[in-house]
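>>> Would you be able to build a 3D model of this:
(one chain, ligands or ions: 1)
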Amino acid sequence: MPAERSHRPAKVRLRHLQEAKEAGRTFSMLTSYDALSAQVFEEAGIDVLLVGDSAGTTVLGYDSTVHTTHQDMLTFTGAVSRAVRRPLVVADLAFGTYQVDAAEAVRHGVELLRAGAEAVKLEGGAARADTVRALVDAGIPVMGHLGFTPQSVNALSGHRVQGRDHAAADSLAEDAQALQEAGAFAVVLELVPSEVAGRITEFLEIPTIGIGAGPDCDGQVLVWQDMAGLSGFEGRFVRRFADLRGELLRAASDYRTAVESREYPTAEHSFE
Ligand code: KIV
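Residues are numbered from 1 along each chain as shown. As a prediction, this is how the structure comes out:
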């Protein structure tokens, strides 16, 4: 078990992520969809557990997160939240549960919090600002998600790095600003060039959390089955920390250590 540090809170709250950013400390986030993996990741010291709608692909065998339902999210959120005490538990609002109107988003957000989540994540920028505001006004903390947004895989024509040209990068930055102004407490940046993610991280007051967004984000997130070598996914931004099963606890601890020491990700996992 890695040495504990004095700034490690007994329970991770939103303010600890903000404090980490302000102190220049990176923090770690992993997906989790079940009680056992959640327990292992808590033991390894992961700060944030994301009950991601990627459960639809990693657990349920669908080919995209579009198929993950609200009921799926309630089930996985309950399993994870019942298993842990220290990490912040964030649950994805499933595709179709927040796009129609803000009232529906709040209703689904309330149900996720009742299932055990402490915050919700949704995809999209300025177009979702009113929804974010309504959730925050209802007492539901919101994490944003920009760049490659998997629920829009069809509209985005597949898994592609976003924000490569100047106009797209500026638009990403504007979306991040809009989410912050609407009250989001953090923003995931997925498949974004390092330089763009670094720029957004610098001007935003709230933390950024990168996945394929280079080493300059305030936190890092990976899908745990990719991280531990279970899924066989070989994306450039992924480092396999283990070949799983007996290796799982060792893998999560190494991941945490690598993220916290900024030893991962390096330029070789990042986009120019
Ligand atoms: O659902 C998920 O796993 C996610 C991560 C890719 C950030 O949203």
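>>> residues touching residue 220, list them.
26, 28-29, 209-211, 259, 264-265 (C-beta atoms under 8 Å, 6 or more residues apart in numbering). Heads up, the C-betas are built off the backbone N, CA and C, glycines and all.
>>> What ranges does the stretch 1-150 of the chain have for its strands?
Counting by DSSP state E, counting those that start in this stretch, the segments of the stretch 1-150 of the chain that form strands are 27-31, 48-51, 88-92, 119-121, 142-147.
>>> tilt between the third one and strand 27-31?
Calculated by axes from the mean of the first three to the mean of the last three C-alpha atoms, to 10 degrees, strand 88-92 forms an angle of 50 degrees with strand 27-31.
>>> Contact residues of the stretch 51-200 of the chain facing the ligand?
Within the stretch 51-200 of the chain, the positions near the ligand by C-beta under 6 Å from any ligand atom are 52-54, 92, 145, 188, 190.
>>> at 5 Å instead, please
Selection of the stretch 51-200 of the chain residues close to the ligand by C-beta under 5 Å from any ligand atom yields 52-54, 188.
>>> Quick check: which of the strands of the stretch 1-150 of the chain is nearest to residue 226?
Closest of the strands of the stretch 1-150 of the chain to residue 226 is strand 27-31, at 8.9 Å (criterion: C-beta to C-beta).
>>> what separates that closest one from the chain centre, distance-wise?
7 Å (C-alpha atoms, centre = their mean, to the nearest Å).
>>> Give me the packing partners of it, helices and strands only.
helix 14-23, strand 48-51, strand 219-222, helix 224-227, helix 248-260 (3 or more C-beta pairs under 8 Å, 6 or more residues apart in numbering; DSSP states H and E).
>>> count of residues packed around residue 18?
16 (other C-beta atoms under 10 Å).
>>> Pull the number of nearby residues for the closest residue to residue 56 other than its chain neighbours.
With sequence-adjacent residues excluded and distances taken as C-beta to C-beta, 6 or more residues apart in numbering, residue 56 is closest to residue 68, at 3.3 Å. Look at residue 68: counted by other C-beta under 10 Å, it has 26 neighbours.
>>> same check, this time on residue 79
For residue 79, the tally of surrounding residues (other C-beta under 10 Å) stands at 19.
>>> shaky segments in the stretch 1-150 of the chain?
1-6 (pLDDT under 70).
>>> On the three-state scheme, residue 188 is what?
Taking DSSP: H, G, I helix; E, B strand; the rest coil as the rule, one finds residue 188 in the strand state.
>>> For it, list each beta-bridge partner.
residue 145, residue 209 (DSSP bridges).
>>> Adding mean neighbour count and distance to residue 169 as columns, could you present the strands of the stretch 1-150 of the chain in CSV?
As requested, the strands of the stretch 1-150 of the chain are exported to CSV (neighbours: other C-beta atoms under 10 Å; distance: least, C-beta to C-beta, whole Å):
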stretch, mean neighbour count, distance to residue 169
strand 27-31, 26, 24
strand 48-51, 29, 25
strand 88-92, 28, 25
strand 119-121, 25, 22
strand 142-147, 28, 10
